[in-house]
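>>> okay, here's the prediction I keep looking at, along with the sequence it came from:
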Amino acid sequence: MSPLSRREFVAVGVAAGAGLVIGFYLPHKSGSQQEVFSPNAYLRITPDNKVTIVVARSEMGQGVRTALPMILAEELEADWKQIEIEQAGASTLFGDQTTGGSASIRTTWDPMRKAGAAAREMLISAAALTWDVPRSSCTAGNSQIKHGATNRSLSYGELVSKAATLPIPTEVSLKQSKDYKIVGQRLPRVDSPAKVRGEAVFGIDFRMPGMKFAVLSRCPTIGGKVSSFDDKESKKISGVSYVGKIGDSAVAVVADSVWGAMEGRRVLNVTWDDGPNKDFNSATAGNAPANLATEAARLKKTAVLYVAGETAKVAGRNITGMYELPFMAHAPMEPGNCTADYRGTSCELWAPTQVPQDCRDSVATAIGLDPDQVKVNVTLMGGGFGRRLEHDYAVEAALVSKAINGPVKVIWTREDDMRFSTYRPASYHLLSAELDGSGFPLELRHNISAPSISGQKGQPTPGGVDPDLPDEAGPVYGIPNYAITYTMIETPVPLGWMRSVYALQAAFALESFVDELAVAAGKDPLQYRLKLLAKDQDLPYFTTTWKTARMRGVLQLAAEKAGWDKPLPAGHYRGIACFGCFASYMAEVVEITMENDQPRVRRVVAVVDCGQVVNPSILEQQIQGGIVYGLANALRAKITIEKGRVVQGNFDDYAPLRMSETPTVEVYAVSSTDVPTGIGEPSVPPVAPALCNAIYAATKKRIRALPILG
């Protein structure tokens, strides 16, 4: 199975998921031969009234193990206290199981609703047949079917035997939002108690009898290989049982403990072939403006993403801005790991992965098995941010397990994770505007020059457009003459999808530039934006239509909640920004003080319009987490490469935001539609420009390159 772009996943997942809900029927016998009512792949009900909802997306802190079951339980009319959750492994039953692109809720909303509704209708029919009464006289609620006229009731468990014999309905009625009892409630996360007690199993926690531990020595130069190695010192370390080459670029050291494996690697003598990138330096390539501009002109790869009007025919006061963003690392708290147990004709994995099916298929190819001979168990993840859309650590674990013919856990150290990862691509942005006599743009042009993540991975880039850009770099304002273009460039640096991907880059450039235009016009940054959004317009962009009214709504509420029209305390400054991605609209106000010429973020007010909110508490946590993540990226995140090697290695030189640096984050949601849209990533893009705009308010100095602190 080839990895899909995140946008392709959305389309495939919806189509496959909807078909499964109405067409797939699971066996009604469990392993113990107990009667089970399982009308679709997402749900099982047993005679003891136990309701199990299967979650096909991966939990990495974003709350899907709670939010997705809430959707199904709502239509099922289930008693939430009786719900149990089961994590699905890699399966053909759920369509594409990729967890990414802020897509978990928006792509499974209809399938989960239909799954619950179909089961509800079958249980109602079973009760009506049992009592020999019309279906219309029966109602579902609280995991029971009631007959109002006779005050009789049967639990779902009592009805499973008869319900299992009934045909699955292909057309079901779905509830209206005004009737929701579970969706929209602040229900606690189902996995929080186990995490608090230390019982939750993350990938790095998993153990099994006879398991060994492995770390790998990888070529420090991008694209380099192993020439030779001498393991005699490694094998002197107590507990080291195997040293061997894994692939072309790494040597594995296996031991009875993680420490033993790390010590064995420390004394391992490897001779490396540094390969073609030994002289590559990110300071003079990748995101250097002159080189990007030269590359764009030479290759003539510019593709049009969006166009309105005729930008070439507009003349006015010209303003130009250039913006740069560096390579960035995902840096999740839990580094890469996977446990594999190769058994000759089968292999079982325990993986903290966002792509269980890709893990299965890549592992099968690597060790010479068929995909159905590989079982993937999905564990909890200590953060993902897109890093676990890759599955290199799973392939490594399977190869080592096959080499030693036994179970093994491959663990990456923090330095491994920082230096041998995939990275958010660096990018360069050129914006220009022609202003009218009042300082408002008659024309705006935004060119994005960046490598293509999907293109580097061998996926199609139709018309020279990275397939993720349609979700992540759309228009914000209804400017009469407006063009967004993209120039695909090349880099040897391994690329990966990272939280909000191109949206962070596009938003930083656009919203910084719009602030510059407001200053040039002598106008308040909020009022300037509201003027650009004053007219209700639909802005078609690929398969999405962005609505200026919804963007205006979140911008106005963010300003109101932040007290934009009220004076700030002395020494406080603020900036504002808005952006849309993954079909959601976001506006943020950042308030700062300056300490020793450096910004200290005091408060962030965030407003989102993401349609129907499934769980307000989880939504708030998602946005708060995204803002903290985005602030860390804006302030300090930068991966540099010297002589083909990543320089940064740990949180001392790639520092996250510390608790003492974390601001108050206020979250507000508005809903312009009953359909949910993305929420995991939209809070990230506006943070950097809002912060930089606040810094300008304080210092009158523009920041056009991230990170802010160098």
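Looks like it came in fine.

>>> which helix runs longest in the protein?
Ranked by residue count and defined by DSSP state H, the top helix of the chain is helix 104-131.

>>> hang on, Tyr393 packs against Val410?
Yes: here Tyr393 reaches Val410: they are 6.0 Å apart, a contact under Cβ atoms under 8 Å. No exception for glycine: its C-beta is placed from N, CA and C like everyone else's.

>>> you'd agree Phe385 is up against Met328?
No: if you go by Cβ under 8 Å, Phe385 and Met328 don't touch, sitting 9.9 Å apart.

>>> the two: which has the busier surroundings?
Ranked by neighbour count (other Cβ atoms under 10 Å), Phe385 and Met328 place Phe385 first, with 28 against 23.

>>> what about the strands in the stretch 151-300 of the chain?
According to DSSP state E, counting those that start in this stretch, the stretch 151-300 of the chain carries its strands in the segments 152-155, 212-218, 225-230, 240-246, 250-255, 269-273.

>>> picking up where we left off before, list residues touching both of Phe385 and Met328?
Residues touching both Phe385 and Met328 (Cβ atoms under 8 Å, 6 or more residues apart in numbering): Met498.

>>> tell me, how many residues neighbour Asp597?
For Asp597, the number of neighbouring residues by other Cβ under 10 Å comes to 7.

>>> repeat that for the one 5 residues further on.
Arg602 is flanked by 17 other residues according to other Cβ under 10 Å.

>>> also the one 3 residues further on?
Using other Cβ under 10 Å, the number of residues around Val605 comes to 25.

>>> isn't it right next to Ala562, touching?
Yes: with contacts counted by Cβ under 8 Å, Val605 reaches Ala562, the gap being 4.1 Å.

>>> now do the shared contacts for those two.
Val589, Glu591.

>>> need the three-state assignment for the closest residue to Pro525 other than its chain neighbours.
If the residues on either side of it in the chain are set aside, Pro525 comes closest to Ala518, at 4.5 Å by Cβ to Cβ, 6 or more residues apart in numbering. Assigned with DSSP: H, G, I helix; E, B strand; the rest coil, Ala518 falls in the helix class.

>>> residue contacts, Ala518?
Each residue near Ala518 by Cβ under 8 Å, 6+ apart is listed here: Gly439, Asp524, Pro525, Tyr528, Arg529.

>>> neighbours around the third one, how many?
A count of neighbours around Pro525, defined by other Cβ under 10 Å, yields 24.

>>> for Glu511, see how far away it is.
According to Cβ to Cβ, to the nearest Å, Pro525 stands 9 Å off from Glu511.

>>> go on, the first one?
Between Gly439 and Glu511 the distance is 17 Å, computed by Cβ to Cβ.

>>> quick check: mean pLDDT of stretch 198-212?
The average pLDDT for stretch 198-212 rounds to 97.

>>> may I see the buried residues of it?
By 16 or more other Cβ atoms under 10 Å, the buried positions in stretch 198-212 come out as Phe202, Gly203, Ile204, Asp205, Phe206, Met211, Lys212.

>>> pretty sure the second one sits against Glu334.
Yes: with contacts counted by Cβ under 8 Å, Gly203 reaches Glu334, the gap being 6.8 Å.

>>> common neighbours of the two, please.
Each of Pro352, Met381, Gly382 lies in contact with both Gly203 and Glu334 under the rule Cβ under 8 Å, 6+ apart.

>>> adjacent strands (with direction) for the strand or helix carrying Leu431?
Assigned by DSSP states H and E, Leu431 belongs to strand 427-435. Next to strand 427-435 in the sheet, as set by DSSP bridges, lie strand 317-325 (antiparallel), strand 441-451 (antiparallel).

>>> ok, residues contacting the shortest one?
Just to be clear, that refers to strand 317-325. 287, 289, 426-436, 439, 504-505, 508-509, 512-513, 516-517, 520, 704-706.

>>> could I get the average pLDDT for that strand?
For strand 317-325, mean pLDDT rounds to 96.

>>> only alpha carbons, please: show it as CSV.
Only the C-alpha atoms of strand 317-325 are listed here, as CSV (Å, rounded to 0.1, in the frame of the first residue of the first chain):
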residue,chain,number,x,y,z
ARG,A,317,1.8,51.9,-4.7
ASN,A,318,4.0,48.8,-4.5
ILE,A,319,5.0,47.1,-1.3
THR,A,320,7.1,43.9,-1.3
GLY,A,321,8.0,41.5,1.5
MET,A,322,10.3,38.4,1.7
TYR,A,323,9.9,35.8,4.4
GLU,A,324,11.9,32.7,5.3
LEU,A,325,11.2,29.6,7.4
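
>>> what's the following helix or strand after that strand?
strand 337-342.

>>> what angle do strand 212-218 and that following strand make with each other?
120 degrees (axes from the mean of the first three to the mean of the last three Cα atoms, to 10 degrees).

>>> what distance separates the next helix or strand after strand 337-342 from the middle of the whole chain?
Heading C-terminal from strand 337-342, the first helix or strand you meet, by DSSP H and E, is strand 347-351. Between the centre of strand 347-351 and the centre of its chain there are 23 Å (Cα atoms, centre = their mean, to the nearest Å).

>>> and the contacts of strand 347-351?
Counting by Cβ under 8 Å, 6+ apart, residues outside strand 347-351 touching it are 203, 206, 208, 338-341, 359-360, 363-364, 367, 369, 373-379, 391, 393-394, 397-398, 401-402.

>>> partner strands of it and their direction?
strand 337-342 (antiparallel), strand 374-378 (parallel).

>>> contacting residues for Val684?
Arg499, Ser500, Ala503, Leu504, Gly626, Ile627, Tyr629, Gly630, Asn633.

>>> show the pLDDT at the second one.
You'll see Ser500 listed with a pLDDT of 97.

>>> for it, which three-state class applies?
In three-state terms, and counting by three-state DSSP, Ser500 is coil.

>>> surely it and Pro685 touch.
Yes: using Cβ under 8 Å, Ser500 is in contact with Pro685, at 5.4 Å.

>>> find residues that contact each of those two.
Cys581, Gly630.

>>> please pull out the lowest mean pLDDT helix or strand from the protein.
In the chain, no helix or strand scores lower on mean pLDDT, DSSP states H and E than helix 6-23, which sits at a mean of 34.

>>> what is the rounded mean pLDDT of the helix or strand following that one?
As assigned by DSSP H and E, the chain's next helix or strand after helix 6-23 is strand 37-40. The average of the pLDDT scores along strand 37-40 is 96.

>>> I'm done for today, thanks for sticking with me.
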